[in-house]
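>>> Predicted model follows, preceded by the sequence.
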Amino acid sequence: MKIQSRLDKEGISFLTKSLPLLGRAFDKALQGKCSFTAIGFKTKPGSTIPKFLGWLFERIFTSQGNIRSDADIQAIKYARQVLYFMYKLALPYDKKTSKKVLDSFAQTEVELKSLEIRSDDAIIRKARTFITRVLSGFCPRDIIPRHGPGAVSTGEKGGEKFTFSRLIGPLDRMYPFTEYFQVSCNHTIDTMHELPRLMELQEGTAKVVLVEKDSRGPRIISCEPLENQWIQQGIQRKLYAWLESHRLTRGHVNFTDQSINQRLALKGSVDQTTVTLDMKDASDRVSMKLVNELYSGTSLLEALNATRSTQTRLPNGVVLTLEKFAPMGSALCFPIEALTFYALAVSILHVYKNYSWRSAMESIFVYGDDIICDRKDYPIIMKHFPRFGLLFNPTKCCTGGFFRESCGCDAYKGIDITPIRLRTRWNHRSRNSATQLTSYVALSNALYEGGYWRAADYIQSLVERLYGILPVVEYRVEKSSGSKHYITPPGQVIGWHRPHVNHVTHNRLLKIPSRLNERFHKQEIRGYVVRPVVKYYKMDGWKEILRYFTNGRSRLQRGAFTVPHRSRLQRGWGTSFMTCASSYGASFEDPHWFRTVSYSSNAIELRTE
């Protein structure tokens, strides 16, 4: 009733802003950084604990807001579930919020422009030596380019991306058009008449776009020029494989496996030997000055300069010269920032704490901007990173108490307390929305498995009023470390997962049609199946061959491409088995069907195996 009353007075902002604000104060108190104080809530007499959910908070904190030695972990989990349930809800944003985000983006450029990095700095020298050793033997020219799933600043979509119409000076000098943008000499000869028509540019210009992120506002994404993105994706793929297999970074710099950081977060929440650090505006604060200093002497630096966009166009039309290496949106942003953070952290420990190289490397783990280090080492790392323009987010750095957070895993004393979050808005008119249906079915299944049965049943009734009766399906669990995550790949019927229900018997009671597929020898049921939205483009043989060599075999017909971020619902036959991937934040991605359609619309967490 209290939630309903506040909701009537304050609107949706109570759930998306007021409760998460209280949640951040709650998390700080869990870490022992301060006592738990209510923000925007009345407190109990003689106590700092709010009356709202006070009966629950009393099982966690003393009357003065200090964490109890016998704090109820289940109470912590339930409290965070209420406080953060709608924190990630993607909502429309106004012009004021957009301006604030863009001003922050521009202000970072001003700060980086005045940044000074000395070549003879001890940390820089050691980090440069380390990176040189890691990248020894790495050839950035030996790549297979490919297109990314996102939009490009030059506007091409789908099959249009295989028509290259520009020669960008720095890019062409290192990656000649006839070698990296065409299949073979025969391809070049057959299209010789088109070469003089190519537009020659001195540099490429990216484009900043704002996309819905969560209740806090939009996220900035930089769309790269088509030709730059084509090469960037090839370098990224090789960098991922190189760094994840190199003896100096293997298991410590990760891009495809979050479970390493998640397991360390769970472990650190028990023995408190490690802490989790989170960077502030990580991708926007890796300056080109820093990259030039750290990567000089490596073959990769020339490739980074050749493929990098030196300027970007803001939504208001203003062209901004970039001081940062690359904003989020560049395919090289993630690997370069991860290697940079790792090299700097290792060098700091080597220089200022006299660690051997091996000891320093073994104590640091990086996944993007999520850093894990030994508890005794974090002060020296947090002290020296700002010298290079890199800042930490103090509210998300878990350095005290038993609370740890990394790569989507929130842990307390070895227990996963990550809240189940709603991300997708409900629209009772969107009966044909595949994203809405899969998102809310996944949410209901996660809530049911987490023990929130009435909430799960309510969402089920809400969905079935709009979409009709859905079958019960069985999940197959993929063996992997981490939490379970329910997803609906193509060809599998969308349905409810109820562990206590026999799905075959229940579907018969619901009169769900079933059949035996004699071709594939498997049982199928009829229901909603997600299909891609396909658009056809005029593609000649050479473009199709280029597509095959870079993306692999496609199930789609010649000239057919899936439309990004769009899918459709269709009544059809499919299997009643859905995949349960044991990975936090996992999402289904089939390169031939749904390259950009993800069913991880809700951050789903269940009990750790």
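Looks like it arrived, so ask away.
>>> drop to CA atoms for contacts and neighbour counts, all remaining ones
Fine.
>>> what's the domain layout of the protein?
Domain segmentation of the chain under automatic domain parsing yields 2-87, 95-412, 434-581.
>>> Same list (these) but as CSV, adding mean neighbour count and distance to residue 426.
Shown next, in CSV, are the domains of the chain (neighbours: other Cα atoms under 10 Å; distance: least, Cα to Cα, whole Å):
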stretch, mean neighbour count, distance to residue 426
domain 2-87, 17, 12
domain 95-412, 19, 15
domain 434-581, 18, 7
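>>> now the helices: where do they sit in the stretch 501-609 of the chain?
Read by DSSP state H, counting those that start in this stretch, the stretch 501-609 of the chain holds these helices, from start to end of the chain: 503-509, 541-551.
>>> so which of those gets nearest residue 59?
helix 503-509 (38.8 Å; Cα to Cα).
>>> Low-confidence bits of the stretch 101-250 of the chain, can you list those?
Within the stretch 101-250 of the chain, no stretch has pLDDT under 70.
>>> mind redoing it with 80?
213-216 (pLDDT under 80).
>>> Kindly report the same for the stretch 451-600 of the chain.
Applying pLDDT under 80 to the stretch 451-600 of the chain flags the ranges 475-491, 553-555, 576-600.
>>> Repeat the analysis, applying 50 as the threshold.
Counting by pLDDT under 50, the ranges of the stretch 451-600 of the chain that qualify are 477-486, 581-600.
>>> Now residue 430: closest residue in space that isn't a chain neighbour?
residue 436 (7.7 Å; Cα to Cα, 6 or more residues apart in numbering).
>>> tell me the contacts of the one you found?
Counting by Cα atoms under 8 Å, 6 or more residues apart in numbering, residue 436 touches 424, 425, 426, 430.
>>> Kindly recompute the last result at 10 Å.
423, 424, 425, 426, 427, 428, 430, 442, 463, 599, 601 (Cα atoms under 10 Å, 6 or more residues apart in numbering).
>>> out of these, what pair is the most spread apart?
Longest span within the contacts of residue 436, Cα to Cα: 428 and 599, 19.5 Å.
>>> ok, these two, which is more surrounded?
Neighbour count, other Cα atoms under 10 Å: between residue 428 and residue 599, residue 599 has more, with 22 against 12.
>>> would you put the C-alpha positions of the helix or strand harbouring residue 379 in PDB?
Per DSSP states H and E: residue 379 is located in helix 378-384. Extracted C-alpha coordinates of helix 378-384, given in PDB (Å, rounded to 0.1, in the frame of the first residue of the first chain):
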ATOM      1  CA  TYR A 378      43.500  -1.100  -4.500                       C
ATOM      2  CA  PRO A 379      44.500   2.200  -2.700                       C
ATOM      3  CA  ILE A 380      47.700   2.500  -4.800                       C
ATOM      4  CA  ILE A 381      45.800   1.700  -8.000                       C
ATOM      5  CA  MET A 382      43.000   4.200  -7.300                       C
ATOM      6  CA  LYS A 383      45.700   6.800  -6.400                       C
ATOM      7  CA  HIS A 384      47.700   6.600  -9.700                       C
END
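>>> I'd like to know which elements that helix is packed against.
If you count contacts as 3 or more Cα pairs under 10 Å, 6 or more residues apart in numbering; DSSP states H and E, helix 378-384 packs onto strand 274-280, helix 333-352, strand 370-374, strand 391-392.
>>> Turn those into JSON lines, columns for mean pLDDT and distance to residue 17.
Output for the helices and strands packed on helix 378-384, formatted as JSON lines (pLDDT from 0 to 100; distance: least, Cα to Cα, whole Å):
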{"stretch": "strand 274-280", "mean pLDDT": "94", "distance to residue 17": "20"}
{"stretch": "helix 333-352", "mean pLDDT": "97", "distance to residue 17": "29"}
{"stretch": "strand 370-374", "mean pLDDT": "96", "distance to residue 17": "24"}
{"stretch": "strand 391-392", "mean pLDDT": "95", "distance to residue 17": "22"}
